[in-house]
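Engineer: What follows is a predicted protein model with its sequence.
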Amino acid sequence: MADLEFRGISKSFGGIVALDDVSFSCVRGEVHALLGENGAGKSTLLKVLSGAHRADAGEIRIDGQPVSIHSPRDAMELGIGTVYQELSLIPELTVSENIFLGRIPTNLVGMHRRAQLRAMTQELLDRYGVDDVRPDTKAKELSLSRRQIVEILRVLATDPSVIVLDEATSALTENRVAWLLGLARRLADEGRIVIFISHRMSEIRDACDRVTILRNGSTVDTRPLADLDMDEIVSMMIGRQMSSYFPEKRSTATDEVVLRVRDLRYQHTLNGVEFDLHRGEVLGIGGLAGQGQAELLRALYGVIPAHGSIELDGDQIHNRDAREALRRGMALVPEERATQGLLLDFSIPFNTSLASLGSLKRGLLVDLGRERELTQSYISQLAIRTTGDTQPASALSGGNQQKVVLAKMLATRPEILMLHDITRGVDVGTKKEMFSLVREIAGEGNAVLYLSTDVEELVNVCDRVLVMHDGKVAADLGGADLTADRIIGASIGAHVEQ
């Protein structure tokens, strides 16, 4: 008998079928991968399990008994805890307050017992080996990776017997990814059910026991992971053979330097960064998180007031804000699409045209016909899956939201495109499209700065990789020197022979 069973789950939204007779089962003690492209139905199914949606048909059984899950409270009472891909911490609250929100201990007059709350949080941090997060730190002061850790701890604090990890590794640093994979195995060994969603095949291989694959809202198969190789899994996800995951890397880099950076400094995060970016080049930026990579892109984009020398096409520049950077042909796809890249409640055309409105105006007004034409061209070029361009961005899957952010910046026709981890939380088919697009952009004579936390991507997509450590470029790797081992070695401060 299965410990958790989905039987014939179906769900539609306004005539759009999101789930169609989905059936599979999980057992205690296993890490069960749930895979599929963005839009395959994974998130909808998990929202049914967690009480955010109600299925139109079908049932869920726990320990052989059908259960009614009409709200998130119902799910929590049944021992179901879900870590969602999009973060939901309240910025002004502390780590402790976010973790135990709704369950904060109080005294007889309703005041918070802060010492007890702090002790409860510290016990949770100690139990799960988190030594770089403090109970009294406000969520807004945490890095993206640490915020994700707090999201995970908030769910674990309810002591669930079913734990769903929905792209929980996508925001984590490399060492914390290893922590979470180990945690998933530990929770399974304690007799819990762990449902694990990731678009990184290496994580699936390292962490999971069985895999269920969804495609177009339907179940394709459930198999032991040992019975499948990664190519088979990807083919089942996308419904066809995928020739080569990474595009053939034919360098189009020229000798012409389009961007020259010297002695770039900002507080204690940028400590004299220097590099040249060539026309037609894809230049990767790697290293452990927190070594200045994000600050480098933000400094170039004018978001933070760094000091140093920046030359664009031989002219000294100083971008005071993002608008000035865009005017100079520099565009940034930011780290967090939902909060930094999109206005989620607005339509796809609104978001797509937001950075290039000046070119779409007729007099004082935006030419809506040209705006729609622009949007349709990018929907086609980037294969954005949508039921219509009037959809709000919030209705799109994570991968398609990322494509809209990319479309917005491509619409500015940048000479230099800066990409901050654009494949985070994106399915394998979409990743392949993005890799090819990056190479095409460089091939058209533009230059790309490609920041990624995925070492494999850096090796296979980029012409060169700058590895950052302690706010400086620790290694500049290209040609035969561009290997995963050398990137990892330079990331931890090891000397790299060049």
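Structural biologist: That came in fine, so what should we check first? Please read all numbers here as calculations on a predicted model, not as lab measurements. Residues are numbered from 1 along each chain as shown.
Engineer: Could you use CA atoms for every contact and neighbour count after this?
Structural biologist: Noted.
Engineer: List the contacts of the most centrally placed residue in the chain.
Structural biologist: In the chain, the centroid-proximal residue (C-alpha atoms, centre = their mean) is residue 424; its distance is 2.9 Å. Contact analysis of residue 424 by C-alpha atoms under 8 Å, 6 or more residues apart in numbering lists 170, 171.
Engineer: if you set the cut-off to 7 Å instead, what comes out?
Structural biologist: Neighbouring residues of residue 424 by C-alpha atoms under 7 Å, 6 or more residues apart in numbering: residue 170.
Engineer: Just to be sure, it is in a helix?
Structural biologist: No. Under DSSP: H, G, I helix; E, B strand; the rest coil, residue 424 sits outside any helix and is assigned coil.
Engineer: measure it to residue 38 for me?
Structural biologist: Distance, residue 424 to residue 38, using C-alpha to C-alpha, to the nearest Å: 12 Å.
Engineer: now do residue 238
Structural biologist: For residue 238, the distance to residue 38 - C-alpha to C-alpha - is 10 Å.
Engineer: between those two, which one's more packed in?
Structural biologist: residue 38 (24 against 20; other C-alpha atoms under 10 Å).
Engineer: can you tell me how far that one sits from residue 283?
Structural biologist: Distance, residue 38 to residue 283, by C-alpha to C-alpha: 27 Å.
Engineer: Next: residue 113.
Structural biologist: Relative to residue 283, residue 113 is positioned 51 Å away (C-alpha to C-alpha).
Engineer: Of those two, give the one with the bigger neighbour count.
Structural biologist: residue 283 (27 against 12).
Engineer: Tell me which other helices or strands the helix or strand where that one lies touches.
Structural biologist: Element membership for residue 283 (DSSP states H and E) is strand 282-286. With contacts defined as 3 or more C-alpha pairs under 7 Å, 6 or more residues apart in numbering; DSSP states H and E, strand 282-286 has these neighbours: strand 447-451, strand 464-469.
Engineer: Run the angle between that strand and strand 447-451 for me.
Structural biologist: Relative orientation of strand 282-286 and strand 447-451, computed by axes from the mean of the first three to the mean of the last three C-alpha atoms, to 10 degrees: 20 degrees.
Engineer: Which strands border strand 282-286, and is each parallel or antiparallel?
Structural biologist: Sheet pairing of strand 282-286 (DSSP bridges) gives strand 447-451 (parallel), strand 464-469 (parallel).
Engineer: Centre of the chain to the helix or strand just after the last one, how far?
Structural biologist: Right, the one you point to is strand 464-469. Using DSSP H and E, the helix or strand that follows strand 464-469 in sequence is strand 472-478. On the basis of C-alpha atoms, centre = their mean, to the nearest Å, strand 472-478 sits 25 Å off its chain's mean C-alpha point.
Engineer: can you list the residues that contact strand 472-478?
Structural biologist: With C-alpha under 7 Å, 6+ apart, strand 472-478 has contacts from 270-274, 463-468, 490, 496.
Engineer: Now the two most distant members of those residues.
Structural biologist: Maximum pairwise distance among the contacts of strand 472-478 (C-alpha to C-alpha): 24.4 Å, between 271 and 463.
Engineer: What are the boundaries of the strands in the stretch 151-300 of the chain?
Structural biologist: Applying DSSP state E, counting those that start in this stretch to the stretch 151-300 of the chain gives strands spanning 162-166, 193-197, 210-215, 218-224, 257-266, 270-278, 282-286.
Engineer: Of those strands, which is nearest residue 335?
Structural biologist: strand 282-286 (13.5 Å).
Engineer: between the closest one and strand 472-478, how big is the angle?
Structural biologist: Strand 282-286 and strand 472-478 are oriented at 140 degrees to each other (the same axes, to 10 degrees).
Engineer: Please find the angle between the direction vectors of strand 282-286 and strand 270-278.
Structural biologist: 160 degrees.
Engineer: distance between strand 282-286 and the chain's centre?
Structural biologist: Per C-alpha atoms, centre = their mean, the displacement of strand 282-286 from the mean C-alpha position of its chain is 18 Å.
Engineer: Show the low-confidence segments of the stretch 201-350 of the chain, by residue range.
Structural biologist: 240-244 (pLDDT under 70).
Engineer: residues touching residue 4, list them.
Structural biologist: Counting by C-alpha under 7 Å, 6+ apart, residue 4 makes contact with 25, 26, 27, 61, 62, 63.
Engineer: In terms of packing, which of residue 271 and residue 463 has more residues around it?
Structural biologist: With neighbours defined as other C-alpha under 10 Å, residue 271 and residue 463 compare such that residue 463 has more, 22 against 18.
Engineer: List the residues that contact the more buried one.
Structural biologist: 251, 281, 282, 283, 478 are the contacts of residue 463 under C-alpha under 7 Å, 6+ apart.
Engineer: so how far is residue 492 from the third one?
Structural biologist: To tie it back to what came earlier, the one meant is residue 282. From residue 282 over to residue 492 the distance is 23 Å, taken as C-alpha to C-alpha.
Engineer: more crowded one of these two?
Structural biologist: Neighbour comparison, residue 282 and residue 492: the larger count goes to residue 282, with 29 against 15 (by other C-alpha under 10 Å).
Engineer: need the contact list for the more buried one.
Structural biologist: 442, 447, 448, 449, 450, 462, 463, 464.
Engineer: So the spatially closest residue to residue 99 that is not a sequence neighbour versus residue 479, what's the distance?
Structural biologist: Spatial nearest neighbour of residue 99, chain neighbours left out: residue 154 (4.2 Å); criterion: C-alpha to C-alpha, 6 or more residues apart in numbering. Using C-alpha to C-alpha, residue 154 is found at 44 Å from residue 479.
Engineer: Residue 192 too?
Structural biologist: Distance, residue 192 to residue 479, using C-alpha to C-alpha: 46 Å.
Engineer: Give me the more crowded residue out of the two.
Structural biologist: Legend: neighbour count by other C-alpha under 10 Å for residue 192 and residue 479, higher for residue 192 (23 against 10).
Engineer: And the pLDDT at that one?
Structural biologist: Per-residue confidence at residue 192 stands at 95 (pLDDT).
Engineer: ok, it touching residue 26?
Structural biologist: No. Using C-alpha atoms under 7 Å, residue 192 is not in contact with residue 26, being 10.2 Å away.
Engineer: and residue 459, helix, strand or coil?
Structural biologist: What three-state DSSP gives for residue 459 is helix.
Engineer: which residues sit in contact with it?
Structural biologist: Contacts of residue 459 (C-alpha under 7 Å, 6+ apart): 482, 483, 484.
Engineer: how about a cut-off of 8 Å?
Structural biologist: Contacts for residue 459 (C-alpha under 8 Å, 6+ apart) come out as 465, 482, 483, 484.
Engineer: that older thread, just checking, the residue nearest to residue 99 touches residue 100?
Structural biologist: Yes. At 6.8 Å, residue 154 and residue 100 qualify as touching, with contact defined as C-alpha atoms under 8 Å.
Engineer: Neighbour count for these two, which is higher?
Structural biologist: Ranked by neighbour count (other C-alpha under 10 Å), residue 154 and residue 100 place residue 154 first, with 24 against 18.
Engineer: Return the member of the contacts of residue 4 nearest to residue 78.
Structural biologist: Nearest to residue 78 out of the contacts of residue 4 is residue 62 (C-alpha to C-alpha; 8.7 Å).
Engineer: unless I'm mixing things up, the closest one is touching residue 6, no?
Structural biologist: No. Taking contacts as C-alpha under 8 Å, residue 62 lies outside contact range of residue 6: 9.2 Å.
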